[in-house]
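**Student:** what's the 3D shape of this:
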Amino acid sequence: SSDLLFFTWAGLGDNLCLFAAARNYYRTYGTKLTVCDPIGLYSGADFVETVDGLGFNSFADDQIKITTAKLDRLGFTPVFINSTGFSYLAPSYTKNITTWPKSHMITRLAERLGMSGEVCIDVPPITLQGSADGLPEDYVCIMTGGLQNYKAVSALVMQGLIDQFKNRFTFVQIGAKKDARLRDVIDRTGVAIADAATILKKARFLITGTSGLMHLARSVACKAFVLQTHGEPLSVALYNLHRYVSAIDGCGLCSRGLRDPQHQLCFHGYKCIRNLNAELAVEALEENLDYLLSDELPEPQFETAVADPAKGLEDFFEQQNTIHNPSQYFRI
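**Tutor:** Okay, the predicted model is just below:
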């Protein structure tokens, strides 16, 4: 019989949450699942077995055949784990959009792994060792931009926060190399994930949009001030370690599951995030500074999972029928 090999999307946040779910599975059943680790985040972790570089990342038939044959030789049956669902569209019902889970991503992924019971909403620290060389003793991390329009934060907003607080904090910018450069920062964009984790671990706190860095910060117990989109329900990635601010007047269609912000056109100019201006962000950060700078830690955070195990590659191939929206991607 072959062993199951679990994998998910290639994104940082998705993989961190999958490993968080796998740790909950281990805590509940004492069984180490085998999980594809495309970035090498958890090599040698004590709660999971990892396999590098064997996930599917292409719908091309030849690539799928090559990967499937390799997995067969190694004795693995691949299972794609996904926290979102699919909804097919009338009148033809041939194309789908993705739908949000009713719980935290970690809980939903645990359910798809086949787990029932109490799920702790935390993220294991990655095992990769990184460096924060050359940085001062005391700093705040900040990122701007993002991959998708519905959660990408304008550089004008992040610059407004820096301008307001630069006399109080040294800012270190992390994130993607393609992100807009902020002024009055130490630039650490484009560093390896292990380095980003180490930089976050030593930071006072992080200022970020709804992003993979938010999950990475949770893994190293770095508090975050999150400029949160209304484009998805807050509950999907809510960590009680962090603090959140949102625009006052998002339309609410996407967070209520009436539209898919990743795959359907937005007719409201992405006001779910774009109407979160610097003035509102500055005011909210002032209100949360005492907590963010304190050593205060919240009580552990729990949800309940009800097993709904994924069977194989069904959800992976379901993506082939998902409608495509080129305008979803954020451009600087």
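**Student:** so for stretch 10-19, what's the average pLDDT?
**Tutor:** This predicted structure assigns stretch 10-19 an average pLDDT of 95.
**Student:** now what about it, what contacts it?
**Tutor:** Residues outside stretch 10-19 that contact it (CB atoms under 8 Å, 6 or more residues apart in numbering): 6-9, 35, 37-39, 41-42, 45, 48, 55, 57, 81, 83, 105-106, 109, 123-124, 126, 193, 211-216, 219, 237. Any C-beta I mention is one placed from the backbone N, CA and C, and that applies to glycine too.
**Student:** change it to 6 Å
**Tutor:** T8, P38, Y42, I81, M105, I106, L109, V123, P124, G212, H215 (CB atoms under 6 Å, 6 or more residues apart in numbering).
**Student:** repeat for stretch 165-172
**Tutor:** With CB under 6 Å, 6+ apart as the test, stretch 165-172 has contacts from P136, Y139, V140, C141, I142, I162, D184, V185, I186, R188.
**Student:** Just flag the most distant two among those.
**Tutor:** Maximum pairwise distance in these, criterion CB to CB, is 15.6 Å, between P136 and I162.
**Student:** shaky segments in the chain?
**Tutor:** Along the chain, the model assigns pLDDT under 70 to residues 1-2.
**Student:** can you pull out the helices in it?
**Tutor:** Counting by DSSP state H, one finds helices in the chain at the ranges 12-29, 61-74, 105-112, 155-165, 193-202, 212-219, 271-274, 278-293, 314-318.
**Student:** Would you mark the buried spots in the second one?
**Tutor:** For helix 61-74, burial by neighbour count (16 or more other CB atoms under 10 Å) applies to T67, L71.
**Student:** For that helix, which outside residues touch it?
**Tutor:** Residues from elsewhere that reach helix 61-74, judged by CB under 6 Å, 6+ apart: F56, P78.
**Student:** For it, list the C-alpha coordinates in CSV.
**Tutor:** Output in CSV follows, covering the C-alpha atoms of helix 61-74 (Å, rounded to 0.1, in the frame of the first residue of the first chain):
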residue,chain,number,x,y,z
ASP,A,61,-0.3,16.7,-19.0
ASP,A,62,3.4,15.8,-19.4
GLN,A,63,4.3,17.4,-16.1
ILE,A,64,1.5,15.6,-14.2
LYS,A,65,2.5,12.3,-15.8
ILE,A,66,6.2,12.8,-14.8
THR,A,67,5.3,13.7,-11.2
THR,A,68,2.7,10.9,-10.8
ALA,A,69,5.3,8.3,-12.1
LYS,A,70,7.9,9.6,-9.6
LEU,A,71,5.4,9.5,-6.7
ASP,A,72,4.4,5.9,-7.8
ARG,A,73,8.1,4.8,-7.7
LEU,A,74,8.5,6.3,-4.2
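**Student:** hmm, back to that, as CSV, the helices of the chain with distance to S246 would be great.
**Tutor:** Below are the helices of the chain laid out as CSV (distance: least, CB to CB, whole Å):
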stretch, distance to S246
helix 12-29, 18
helix 61-74, 40
helix 105-112, 18
helix 155-165, 13
helix 193-202, 22
helix 212-219, 14
helix 271-274, 8
helix 278-293, 9
helix 314-318, 29
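**Student:** Out of those helices, which gets nearest to K95?
**Tutor:** Ranked by CB to CB, the member of these that lies closest to K95 is helix 314-318, at 10.9 Å.
**Student:** Need the residues that contact the closest one.
**Tutor:** Surrounding helix 314-318, the residues in contact under the criterion CB under 6 Å, 6+ apart are F80, N82, F86.
**Student:** and those as TSV, adding neighbour count and distance to A278?
**Tutor:** As requested, the contacts of helix 314-318 are exported to TSV (neighbours: other CB atoms under 10 Å; distance: CB to CB, whole Å):
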residue	neighbour count	distance to A278
F80	22	40
N82	23	35
F86	16	37
